[in-house]
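> quick one: sequence and predicted model below, then my questions.
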Amino acid sequence: MSVKISELSKYSENDLEKIRLVEDVYNQFAPVKQQVLRSIKREFVGDFDRCDYDFDELEKIQDPQIFTKYCPECNKKYPKGENVCMDCLVHLKDISSKVNVKDIDFKPQFIFNGKNSLDSFEEILSGENLKKINEFEFNHDDYMNILYNIKSQAFKNFDDIVKTNEIIFDELNILDKIILFVKSFVKVDYKSSGGQLGYFEENTVFIDDRQTRSLQITTLIHEVSHFIIHEILTEILCKLLDTTKNSFIEEIIYFVLSYSSFTQLIDEYSAHNVEGRFTVFGFQDYSSFIQIVQNLDGEMSDDDIEITKSIGNTFALSIKEILESLIDSDLREDIKDQFMKDVLDRPNYRALEMENYKILNEYGLLKAIWLILNEGCEIAALNIDKLKQTE
């Protein structure tokens with residue numbers, strides 16, 4: 001398989017869902033409609049029970065503080081005088097003793113097993129393995145299986161967190177729910193200095209909890225998106241080499257996603273795109289992508305930059321599919337409600353000018369992944385000393 005960045009555009013197609021979403025926004029806000037919609041129209045013309053208590057009644061007519069206990073199995077709430085859940089036959093626990101979601105220390109597991117066990121950078125990036133990566137025996141079904149693997153392990157991690165910590169999920173506020181979901185993918189830690197809202201590093205999302213709930217939510221979603229694209233590429237590399245996942249392969253993919261402006265732009269645009277899925281239109285933020293573009297100094301053409309957006313859009317569809325299996329439509333509405341409570345600024349639709357309305361077809365996505373991994377691993381093989389410094 002071979003392809004150049006400039007050739008990927010011929011595998012692109014219109015992202016009709018995004019076009020319709022943005023058009024709906026412009027239709028609601030006529031003053032801004034004419035600013036950007038003309039450019040879209042030019043390009044896309046024509047596309048377009050056994051318990052004695054009636055708990056429901058008790059909650060309606062009595063002070064909710066009457067419920068001071070809960071069942072650790074079914075999460076049903078009970079009055080102070082009760083000691084046992086007769087449905088589950090377990091002792092009740094005090095609601096006041098429940099764990100704080102922020103304090104949960106959980107290390108999520110994402111496992112990929114293969115026949116081989118390559119335990120060094122030299123083994124993974126050997127001449128024979130670079131040849132396997134170049135030959136790229138990988139198809140769309142393999143890609144979908146990897147997405148399923150990531151999604152199913154995230155569900156298992158989430159289930160483990162809830163059960164281990166005896167959490168009553170429905171009683172959490174929206175921020176705590178999102179923190180819990182993110183902890184199903186990565187560790188979450190907190191920062192209290194610096195200007196960044198958050199960042200992703202070594203399977204950990206760092207978040208500034210001095211920010212509003214809505215900004216913490218969208219930042220968490222942005223940063224966990226970096227993890228998911230990293231995990232997708234990690235498992236693809238494991239599949240190509242038929243090897244069990246380990247920290248050496250993870251470090252190689254960190255290198256691949258960061259060594260060039262091409263991969264940095266894909267990574268950032270994808271994360272911004274996913275974040276935008278959970279943000280109210282008019283409050284999108286492409287700042288880190290714009291910063292990379294401003295530092296290019298002519299390194300990439302405008303057409304090549306647009307192609308990175310198309311690739312980022314395509315990865316974002318996969319990431320959103322994984323996240324939306326956890327964050328359903330009701331929770332997305334809760335996020336929007338929280339955002340409108342917190343935001344004081346007027347919406348700014350100029351950010352929509354950063355949107356790209358192209359996605360790659362199945363074959364184009366495989367070509368893009370080949371380009372990312374083949375070129376990236378070749379460069380990584382020349383920089384093993386640098387990889388060892390980060391190990």
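That came through fine. Residues are numbered from 1 along each chain as shown.
> end to end, how far does stretch 76-92 reach?
One end of stretch 76-92 sits 9 Å from the other (CA to CA, to the nearest Å).
> quick one: pLDDT of Gln35?
Gln35 carries a pLDDT score of 48 in this model.
> likewise Asn139?
We have a pLDDT of 97 for Asn139.
> and the helices in the stretch 251-391 of the chain?
261-277, 287-294, 302-324, 329-342, 362-381, 384-390 (DSSP state H, counting those that start in this stretch).
> how about Asp285, what does it touch?
218, 272, 275, 279, 351 (CB atoms under 8 Å, 6 or more residues apart in numbering). Quick note: C-beta positions are derived from backbone N, CA and C, even for glycine.
> so the helix or strand encompassing the first one versus helix 329-342, what angle?
Secondary-structure assignment from DSSP states H and E places Thr218 in helix 213-241. With axes from the mean of the first three to the mean of the last three CA atoms, to 10 degrees as the basis, helix 213-241 and helix 329-342 are set at 140 degrees to each other.
> circling back to that earlier point, out of the contacts of Asp285, which is most surrounded?
Using other CB atoms under 10 Å as the neighbour test, the contacts of Asp285 are led by Thr218, with 28 neighbours.
> stretch 267-282: how far from the chain's middle?
Once both centres are worked out by CA atoms, centre = their mean, to the nearest Å, stretch 267-282 turns out to sit 10 Å from its chain's centre.
> cool, stretch 302-321 as well?
For stretch 302-321, the distance to the chain centre is 14 Å (CA atoms, centre = their mean).
> which outside residues touch it?
Residues contacting stretch 302-321 (CB under 8 Å, 6+ apart): 5-6, 8-9, 12, 15, 18, 147, 151, 225, 228-229, 232, 262, 265-274, 277, 293, 296, 300, 356, 358-360, 364-365, 368.
> which residues belonging to that stretch are considered buried?
304-305, 307-320 (16 or more other CB atoms under 10 Å).
> Glu201 pairs with what?
Glu201 has the following beta-bridge partners by DSSP bridges: Thr204.
> any idea how far the most centrally placed residue in the chain lies from Asp267?
The centre of the chain sits closest to Ser225, judged by CA atoms, centre = their mean, with a distance of 2.5 Å. Going from Ser225 to Asp267 by CB to CB, to the nearest Å gives 9 Å.
> kindly report the same for Asp87.
48 Å.
> just Glu231 next, same as before
12 Å.
> below-threshold pLDDT in the protein: ranges please.
The chain contains residues with pLDDT under 70 at 1-2, 21-65, 96-98, 192-195, 282, 344-349, 351, 391.
> try it again at 50.
Across the chain, residues meeting the criterion (pLDDT under 50) sit at 30-33, 35-37, 39-64.
> with respect to Glu82, which of the contacts of Asp285 is nearest?
Among the contacts of Asp285, Thr218 lies closest to Glu82 (CB to CB), at 40.7 Å.
> quick one: contacts of stretch 168-177?
Applying CB under 8 Å, 6+ apart, the set of residues contacting stretch 168-177 is 70, 75, 98, 101-102, 162, 180, 213, 216-217, 331, 334-335, 337-338.
> could you redo the last one with a cut-off of 10 Å?
With contacts defined as CB atoms under 10 Å, 6 or more residues apart in numbering, stretch 168-177 is touched by 70-72, 74-77, 95, 98, 100-102, 104, 158, 161-162, 167, 178-180, 209, 212-214, 216-217, 220, 326-327, 331-339.
> buried subset of these, written for PyMOL?
Here is the PyMOL command that selects the buried residues among those (16+ other CB under 10 Å):
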select buried, resi 70+71+72+75+76+77+98+101+104+158+161+167+178+179+180+213+214+216+217+220+326+327+331+334+335+336+338+339
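> from Gly127, how far off is Tyr254?
For Tyr254, the distance to Gly127 equals 22 Å [CB to CB].
> these two: who's more crowded?
Tyr254 (20 against 7).
> residue contacts, that one?
Here Tyr254 is in contact with 200-203, 230, 233-234, 380, 387, 390 (CB under 10 Å, 6+ apart).
> farthest-separated two in the residues you listed?
Phe200 and Ala380 (19.5 Å).
> between those two, which is the more surrounded one?
The neighbour comparison of Phe200 against Ala380 (other CB under 10 Å) goes to Ala380, with 23 against 19.
> might one say that the more buried one is in contact with Ser126?
No: look at Ala380 against Ser126 with CB atoms under 10 Å: they stay out of range, at 11.9 Å.
> dump the residue contacts of the spatially closest residue to Ile217 that is not a sequence neighbour.
Using CB to CB, 6 or more residues apart in numbering and skipping the chain neighbours, the partner closest in space to Ile217 is Ile178 (4.9 Å). Going by CB under 10 Å, 6+ apart, Ile178 touches 101, 172, 213, 216-218, 220-221, 224, 278, 323, 326-327, 331, 334-335, 338.
> report the separation between Ile178 and Arg332.
In this view, Ile178 and Arg332 are 11 Å apart by CB to CB.
> joint contacts of these two?
278, 323.
> and the nearest residue to Phe112 once chain neighbours are set aside, its phi and psi?
Of all residues not flanking Phe112 in the chain, Lys245 sits nearest, at 4.0 Å (CB to CB, 6+ apart). The phi and psi torsions at Lys245 (degrees, to the nearest 10) take the values phi -60, psi 140.
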